[in-house]
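Chemist: Here is a sequence with its predicted model. Questions after.
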Amino acid sequence: MKTACVVLSGCGYLDGAEISEAVLSLYFLNVAGFQTHCFAADVPQMHCVDHLTGKEQADDSRNVLHEAARIARGKIKPLSEARATDYSVLMLPGGYGVAKNLSTFAVAGAHAALDTEFDRLLGEALQAKIPIGAVCITPAVLALALKRRGIHSSLTIGNDPDTAAAINALGSTHVSCPVQVACIDEANKIVTAPAYMYDDANIAKVGDGIRKVVDQLSVWSSK
């Protein structure tokens with residue numbers, strides 16, 4: 001049985017996991033024959049955002065694991081319990097929670113720090129050459145873990161110039177890609193796609209890109 005470790009960063013694209021990306025990732029992984037296990041960091045969110053107004057709710061506080069449980073229908077465990085070598089692949093949906101709750105990329109860019117458990121999990125996967133799929137903003141955060149280990153990769157977050165510059169500053173190479181296209185790094189077994197990094201992306205186009213990510217993960221996991 002092929003298995004996938006799926007890391008969520010909350011619930012809601014402005015302060016957690018992008019829900020459509022998370023659901024599409026789980027869907028296409030299941031269609032490809034993977035059994036999925038979800039994990040999230042058991043830490044407070046950086047902040048909470050009202051997704052109707054886009055404004056921060058200063059009087060609200062939420063836990064990343066408890067919020068991510070909404071997407072996983074309660075079937076989720078703390079990130080501290082995840083071991084990359086227990087899985088065939090690692091799948092990382094996007095949403096600004098990755099840059100706010102699993103790292104400080106949202107405020108520090110190329111100088112950001114990673115959540116300790118997230119960094120550990122990524123390090124395990126990179127060392128063991130466990131295939132990694134990352135979409136939306138997540139490739140930029142992945143670049144932090146790659147730099148810490150002296151690994152160069154080709155990654156995409158679409159065509160956002162500032163985020164692309166941060167990836168390049170971290171020692172990887174940004175490749176501009178349309179939302180429906182995946183960027184494949186065969187040597188490191190990393191595949192990335194832009195998803196909702198494009199403001200005009202729709203769920204069908206995002207799904208096309210995520211499906212291509214999962215298709216590549218499936219190829220690698222079958223070898």
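Modeler: Yep, it's here. Only a predicted model underlies this, so the values are computations on that prediction, with no experimental measurement involved.
Chemist: Using the three-state scheme, assign Ile184.
Modeler: Ile184 falls in the strand class when you classify it by DSSP: H, G, I helix; E, B strand; the rest coil.
Chemist: Could you pull out the strands in the chain for me?
Modeler: 2-8, 34-40, 76-78, 89-92, 132-135, 154-155, 173-174, 183-185, 190-193 (DSSP state E).
Chemist: what's the spacing between the last one and its chain's center?
Modeler: Between the centre of strand 190-193 and the centre of its chain there are 10 Å (CA atoms, centre = their mean, to the nearest Å).
Chemist: what is the rounded mean pLDDT of it?
Modeler: Per-residue pLDDT over strand 190-193 has a mean of 98.
Chemist: Now do it: which elements does it pack against?
Modeler: strand 132-135, helix 138-148, strand 183-185, helix 203-221 (3 or more CB pairs under 8 Å, 6 or more residues apart in numbering; DSSP states H and E). (Each C-beta comes from the backbone N, C-alpha and C, glycine too.)
Chemist: Also the fifth one?
Modeler: Helices and strands touching strand 132-135, as assessed by 3+ CB pairs under 8 Å, 6+ apart, comprise helix 19-31, strand 89-92, helix 116-128, strand 190-193, helix 203-221.
Chemist: partners of it in the sheet?
Modeler: Strand 132-135 has these partner strands in its sheet, going by DSSP bridges: strand 89-92 (parallel), strand 190-193 (parallel).
Chemist: Save the ones you listed as CSV, and put in distance to Thr3 and mean neighbour count too.
Modeler: Shown next, in CSV, are the strands paired with strand 132-135 (distance: least, CB to CB, whole Å; neighbours: other CB atoms under 10 Å):
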stretch, distance to Thr3, mean neighbour count
strand 89-92, 8, 28
strand 190-193, 17, 30
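Chemist: for the residue minimising distance to the centre of the chain, what are its contacts?
Modeler: Centroid-nearest residue in the chain, with CA atoms, centre = their mean: Leu92, separated by 2.9 Å. For Leu92, the contacting residues are Val6, Val7, Val98, Ile132, Gly133, Ala134, Val135, Thr138, Leu142, by CB atoms under 8 Å, 6 or more residues apart in numbering.
Chemist: how much space between Leu52 and Leu14?
Modeler: 10 Å (CB to CB, to the nearest Å).
Chemist: Which one of the helices and strands packed on strand 190-193 lies nearest to Leu170?
Modeler: helix 138-148 (4.2 Å; CB to CB).
Chemist: can you pull the contacts of the closest residue in space to Gly94 that isn't next to it in sequence?
Modeler: Ranked by CB to CB, 6 or more residues apart in numbering and with sequence neighbours excluded, the top spatial neighbour of Gly94 is Cys136, at 2.2 Å. With contact taken as CB under 8 Å, 6+ apart, Cys136 is in contact with Glu18, Glu21, Pro93, Gly94, Gly95, Val98, Ile157, Pro194, Ala195, Tyr196, Met197.
Chemist: rerun at 6 Å
Modeler: Glu18, Glu21, Gly94, Ala195, Tyr196, Met197 (CB atoms under 6 Å, 6 or more residues apart in numbering).
Chemist: Thanks a lot, catch you later.
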